[in-house]
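**Q** Sequence and computational prediction follow.
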Amino acid sequence: MVKSSTAARPRPAAIAIPDEDSNSLDFTAVVTVRNPFGKGKVEVKELDFTDPGAPSTAPAKGGAKEAEFVNNIKEGTWVEFREGEQDKYRPARLSYISPLKNSYLFVDRLGETVKECSRAELSRLFSIGKVVVMDEVPLFERMMKGLVGKLS
């Protein structure tokens, strides 16, 4: 059986704080410290206490547009993949979206796979203009591309 000690323990002595004048607590004053990485001294004029790892509240430029595109695209939607320096256009139909919406399969008119990509990759391709929804491309422009493609 353990007995608890009821004897009073001695308290530590109180620390005496000398009266300071109000100028010693000025946190806006410039502070000069020795440079810990070399010779000389460093003047600290302003301190920034914001967390650099904190997420910004402003959305990324154009980020909502890409997210909206990926969220709203449906099976059967025709898109154009723009490949290479010569802007080679390759039409494809969205054939399959995985149940978790993390994989997208695009096929051509013959049913052959044109592109299989993740949600993030599809969003990135859309943001840089490498994927364009066919309804957004004018009919005349699509006809001319098809005609030039057959001639070359």
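**A** Now that the structure is in, tell me what you want to look at. Numbers count the residues shown, from 1 in each chain.

**Q** Quick check: which ranges of the chain have low pLDDT?
**A** By pLDDT under 70, the weakly predicted segments of the chain are 1-8, 12-28, 46-64, 85-87, 136-139, 142, 149, 152.

**Q** Which neighbouring elements make contact with the strand ranked longest in it?
**A** Counting residues, the longest strand in the chain under DSSP state E turns out to be strand 88-97. The contact analysis (3 or more CB pairs under 8 Å, 6 or more residues apart in numbering; DSSP states H and E) places strand 88-97 against strand 78-83, strand 103-107, strand 113-118. Backbone N, C-alpha and C define where each C-beta goes, glycine included.

**Q** Just the buried positions in the second one, please.
**A** Along strand 103-107, the positions that meet the burial threshold by neighbour count (16 or more other CB atoms under 10 Å) are 104, 105, 106, 107.

**Q** Relative to residue 121, how far out is the last one?
**A** Separation of residue 107 from residue 121 (CB to CB, to the nearest Å) stands at 17 Å.

**Q** What of the first one?
**A** Using CB to CB, one obtains 9 Å as the distance from residue 104 to residue 121.

**Q** Then the third one?
**A** According to CB to CB, residue 106 and residue 121 sit 12 Å apart.

**Q** Counting neighbours, which bits of the longest strand of the chain end up buried?
**A** 89, 91, 92, 93, 94, 95, 97.

**Q** The second one and residue 80 touch, don't they?
**A** Yes. The pair residue 91 and residue 80 passes the contact test of CB atoms under 8 Å, sitting 5.4 Å apart.

**Q** Need the overlap of contacts for these two.
**A** residue 134 (CB atoms under 8 Å, 6 or more residues apart in numbering).

**Q** I'd like the helices and strands packed on strand 88-97 as TSV, with distance to residue 148 appended.
**A** Output for the helices and strands packed on strand 88-97, formatted as TSV (distance: least, CB to CB, whole Å):
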stretch	distance to residue 148
strand 78-83	14
strand 103-107	22
strand 113-118	19
